[in-house]
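**Q** model this:
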Amino acid sequence: MLEILEKSAIVAGQAILDIYGAGPAVIYKADTSPVTDADHRAEHIILADLAAAFPGIPVVAEEAVAAGHVPDIAGGRFFLVDPLDGTKEFVERNSHFTVNIGLIENGAPTAGVIYAPALGVLYSAAAGRARKAIVEAGSVVSSWTSIGCRRCADRPLALTSRWHNSAETIAYLAERGITDYEAVGSSLKFCLLAEGLADIYPRFSRTMEWDTAAGDAILRTAGGETLTVAGKPLAYGKRDQPEDSDFANPWFIARGRV
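**A** Residues are numbered from 1 along each chain as shown. Modelled structure (predicted):
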């Protein structure tokens, strides 16, 4: 499965890069978030690949959900797809955008692939192993490297969102005496934690499950964790939430080894 997900993410990423080079067509959703022709093209590629390879596993994909297409996930096993995470980064011609494909089983992320096409970096995880490779011209050109979280440093490095930072996040870091932090776009924040290049990522602003599933799977496999503010593992497949929409996440703290 993982090889199929990796290949699909790379092909979708190449399509994104083609549009990135030519200049995307941008429209704005009701919540003012941007969506581009690259989002739709990448999602079309991934949905076709998943339907062909895994016809029995439903797929919850960002743009399909926005269009009202939500599959039955009662079986507990489904994919979460964000075809272009970090659309604002993409529109602003920043390299921090990714393709995210995550597998959920019984509410937990168990496999994930994240491809950063402008950076040429591919991350994936399943079955207890998290790894990274370099991609050029649509192919993996390096040996796979195993990655893992580091123990929290005496002077921890925090990661924050470039576009969705909040006063609550800054207060959380200040209360814990964390003065070193870096703003990073998209799901790359999970990857940097998983790779042992940072220590903590508090997210006290809204995210959706397709934003986090793949990165969370990679982080957990690499030895880290993603917890709600109540200290429980972030769960997936959240429907009929009384205070938020389907698949919306609560605030969370992702971190490496403690």
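**Q** next one: stretch 30-48 to chain centre, how far?
**A** Put simply, stretch 30-48 sits 15 Å off its chain's centre (CA atoms, centre = their mean, to the nearest Å).
**Q** buried residues, that stretch. List them.
**A** For stretch 30-48, burial by neighbour count (16 or more other CB atoms under 10 Å) applies to 34-47. Any C-beta I mention is one placed from the backbone N, CA and C, and that applies to glycine too.
**Q** tell me which of the residues you listed is nearest to Val229?
**A** Pro34 (28.6 Å; CB to CB).
**Q** so that closest one touches Gly86, yeah?
**A** No: counting by CB atoms under 8 Å, Gly86 is not a contact partner of Pro34; they are 10.5 Å apart.
**Q** please settle this for me: is Ile45 part of a strand?
**A** No: under DSSP: H, G, I helix; E, B strand; the rest coil, Ile45 sits outside any strand and is assigned helix.
**Q** that one contacts Ala15, doesn't it?
**A** Yes: counting by CB under 8 Å, Ile45 sits close enough to Ala15 to count as a contact (6.0 Å).
**Q** what's near enough to touch Ala217?
**A** By CB atoms under 8 Å, 6 or more residues apart in numbering, the contact list for Ala217 reads Gly102, Leu103, Pro109, Thr110, Ala111, Gly112, Ala125, Ala126.
**Q** hmm, try it at 6 Å
**A** By CB atoms under 6 Å, 6 or more residues apart in numbering, the contact list for Ala217 reads Gly102, Pro109, Ala111, Gly112, Ala125.
**Q** redo those residues as a markdown table? Include pLDDT.
**A** What follows is these, written out as a markdown table (pLDDT from 0 to 100):
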| residue | pLDDT |
| --- | --- |
| Gly102 | 98 |
| Pro109 | 98 |
| Ala111 | 98 |
| Gly112 | 98 |
| Ala125 | 98 |
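**Q** tell me which of these is nearest to Val140?
**A** Nearest to Val140 among the contacts of Ala217 is Ala125, at 15.4 Å by CB to CB.
**Q** is the closest one in a helix, a strand, or coil?
**A** Once three-state DSSP is applied, Ala125 turns out strand.
**Q** can you tell me the closest non-neighbouring residue to it?
**A** What sits nearest to Ala125 in space, not counting adjacent residues and going by CB to CB, 6 or more residues apart in numbering, is Thr221, at 3.7 Å.
**Q** thinking again about what came up before, quick check: of the buried residues of stretch 30-48, which lies closest to Asp211?
**A** Of all the buried residues of stretch 30-48, Asp39 has the smallest distance to Asp211: 13.0 Å, by CB to CB.
**Q** gap between that closest one and Gly120?
**A** Between Asp39 and Gly120 the computed distance is 20 Å (CB to CB, to the nearest Å).
**Q** Asp82 bridge partners, please.
**A** Taking DSSP bridges as the rule, Asp82 bridges to Asn100.
**Q** contacting residues around it?
**A** Residues in contact with Asp82 (CB under 6 Å, 6+ apart) are Glu62, Asn100, Trp210, Asp211.
**Q** farthest-apart pair in those residues, please.
**A** For these, the farthest-apart pair by CB to CB is Glu62 and Asn100; their separation is 9.1 Å.
**Q** out of those two, which sits in the more crowded spot?
**A** Neighbour count, other CB atoms under 10 Å: between Glu62 and Asn100, Asn100 has more, with 29 against 23.
**Q** hmm, Ala213 and that one touching each other?
**A** No: using CB atoms under 6 Å as the test, Asn100 is too far from Ala213 to be in contact (7.0 Å).
**Q** low-confidence stretches in the stretch 1-150 of the chain?
**A** 32 (pLDDT under 70).
**Q** what about the helices in it?
**A** Along the stretch 1-150 of the chain, counting by DSSP state H, counting those that start in this stretch, helices occupy 2-22, 37-53, 62-66, 87-91.
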